[in-house]
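K.L.:
Please find the sequence and the predicted model below.
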Amino acid sequence: MLNSTEVTGGVARTPHRALFYAMGYTPEDLEKPLIGVVNAHNEIIPGHFHLDEIAQSVKLGVSASGGTPIEFPVIGICDGISMNHSGMKYPLASRELIADSIEAMAVAHKFDGLVLVGNCDKIVPGMLMAAARLNIPSIYISGGPMLKGRHRGKAVDLIHGAFEGVGAHANGKITDQELKELELQSCPTCGSCAGLFTANSMNCLAEALGIALPGNGTIPAPFGARKQLAKRAGMQIMELVKKDIRPRDIMTLGAFKNAITLDMAIGGSTNTTLHLMAVASEAEVDLGLDDFDAISKKTPNITKISPAGVHAMEDLHWAGGISAVLNQLLRAGLIYPDELTATCKTLGENISTAEVLDPEIIRPIADPYNKEGGIAILRGNLAPDGAVIKQSAVEPEMMRHKGPARVFNSEEEAFDAIMNKGIKPGDVAVIRYEGPKGCPGMREMLSPTAAIAGMGLEKSVALITDGRFSGGTRGPCIGHVSPEASEGGPIAIIEEGDIIEIDIPNRILRAELSDEEIKRRLAAWEKPPVKAQKGTYLSRYSRLVTSASTGAVLEK
């Protein structure tokens, strides 16, 4: 029996049907499966600006396959626009709001299935968390990546263009005119930003996870093929409802390991550790940081998409897309091919005919860019519960580094020091009290890291934080340091000039301090007051959010 009969079936539901008729639905519409089309369209995120068109294609597909599509909205925040000010406290926290709001709408109205239409950073995992929690037939469709920009004959994107341009300008490397050109040319179309940042990482991983159709991660936003894929997603949800295939049938431990393997192979965002663990928690799948590191050590990195390289998502699309990458991994015995997907076929069946069309963009497994995967998990006396780095975007000379700590208690302090040339080659910038609880909201440090790169210091300056980084960050930037400072993690007691050792190949992050000295300093440490204003959502979030080492999910 369909869920929707609880609101459409029988004499007792006469008033319920009357409310549907008030909106123009017909009795015949209410005899069909009711499909919720969860649309994150808004006019503040470039990746979401066009989602009204994507949702329309989804609804056509649902209708063509015998369902009744019913659209409802969900919020979305643009990480780029909220970057480097107090607004960045909200994006990660919004992930939980998105999941909760979808739950409220889906359960209250008894939908038979959901098509989740999203694109950008926290919206994707929030939607997948809701799907896993509700466990009614669901499929995810993204709005697709932005096309890359061009500046004076070179490809640019938001990070390699506008963000790093700020640091280059501050260092006198480009003129006012060149900075203005970058501002105008970095983002030429709608879509999620053109590199392999968090949004596109998650959209790609959704393919490997099996909850999205092949092509979801790389078909560019402006292409007709993107609308075709959306229409197919609308058609496919009807198959999932008919066969009663649910998210937890798809999002198994093997599927999560496939997603992590893909993540390592393509060099995805460090934020994927937070988001995959959060989705797994909702799916009741046991997944931890050690799984990421174990898979990284055996998975070669075979693409170099921006920020790690010069290629964009559209280049990956023309090279064969995610299916071609997965087929390479399949042939190497690195993924589980028998996991069920939203196509109603296995992952192995989905990718069996995919080919690599450009071996420079998707390297052979035997000739990778790096022998290990894109992400590494570091531990040591500075991060007993772990820290995360995108090692595929680190210059070889910074894979091992020792330097004096420059300590900052907020992102703003650090950014001012960088822009005023207060950070010197060899330094290790430590930004603390930016964790999930302490910030609260675990802000991304893209502006400081982009400024460092723009100044040409990415080969000589490291940055560590209990906050996190944009998927667009490159260089020796270590985030998610756990326990965080506000919870009394060792990062809280680092002092100016302490020597910090970073050894990525050996997975070490430590301060050259004795255990006794760390204990002495921690005993004298005083917990700071909560930064969030009393009575706000962030205040409630701060009380309930858990460590980054477990996905920064809310306490159950």
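P.N.:
Thanks, I have it.
K.L.:
what about Ala523, which helix or strand?
P.N.:
Per DSSP states H and E, Ala523 falls inside helix 515-524.
K.L.:
Show me what secondary structure element comes after that helix.
P.N.:
Following helix 515-524 toward the C-terminus (DSSP H and E): helix 537-544.
K.L.:
List the buried residues for that following helix?
P.N.:
Tyr537, Leu538, Tyr541, Ser542 (16 or more other CB atoms under 10 Å). Placement of C-beta: from N, CA and C, glycine included.
K.L.:
for the nearest residue to Glu96 once chain neighbours are set aside, what are its contacts?
P.N.:
Leaving aside its chain neighbours, Glu96 sits nearest to Leu554 (5.6 Å; criterion: CB to CB, 6 or more residues apart in numbering). Shown in contact with Leu554 (CB atoms under 8 Å, 6 or more residues apart in numbering): Glu96, Tyr541, Leu544, Val545, Thr546.
K.L.:
can we see that at 10 Å?
P.N.:
Under the criterion of CB atoms under 10 Å, 6 or more residues apart in numbering, the contact list for Leu554 reads 93, 95-96, 99-100, 278, 281, 436, 540-541, 543-546.
K.L.:
now, among the buried residues of helix 537-544, which is nearest to Ala308?
P.N.:
Minimum distance to Ala308 across these is 31.6 Å, recorded for Tyr541 (CB to CB).
K.L.:
nearest residue to that closest one other than its sequence neighbours?
P.N.:
In this structure, Tyr541 finds its nearest non-sequential neighbour in Ala93, 4.7 Å apart by CB to CB, 6+ apart.
K.L.:
Following element in sequence after whatever helix or strand the one you found lives in, please.
P.N.:
Taking DSSP H and E as the definition, Ala93 sits inside helix 91-109. Using DSSP H and E, the helix or strand that follows helix 91-109 in sequence is strand 113-118.
K.L.:
Tell me the gap between that next one and the middle of its chain.
P.N.:
From the chain centre to the centre of strand 113-118 is a distance of 18 Å (CA atoms, centre = their mean, to the nearest Å).
K.L.:
tell me the angle of it relative to helix 91-109?
P.N.:
160 degrees (axes from the mean of the first three to the mean of the last three CA atoms, to 10 degrees).
K.L.:
what pairs with strand 113-118, and is each one parallel or antiparallel?
P.N.:
If you go by DSSP bridges, strand 113-118 pairs up with strand 34-39 (parallel), strand 138-142 (parallel).
K.L.:
can you give me the strands in the protein?
P.N.:
34-39, 68-73, 113-118, 138-142, 149-151, 154-156, 375-380, 383-390, 400-408, 428-431, 462-465, 477-482, 499-503, 508-511 (DSSP state E).
K.L.:
winner for burial among those?
P.N.:
strand 138-142 (a mean of 32; mean count of other CB atoms under 10 Å).
K.L.:
What mean pLDDT does that one get?
P.N.:
Across strand 138-142, pLDDT averages out at 98.
K.L.:
All further residue positions should be reported with the first residue as 30.
P.N.:
Taking 30 as the first residue, the last one we looked at is strand 167-171.
K.L.:
Show the average pLDDT along stretch 328-344.
P.N.:
95.
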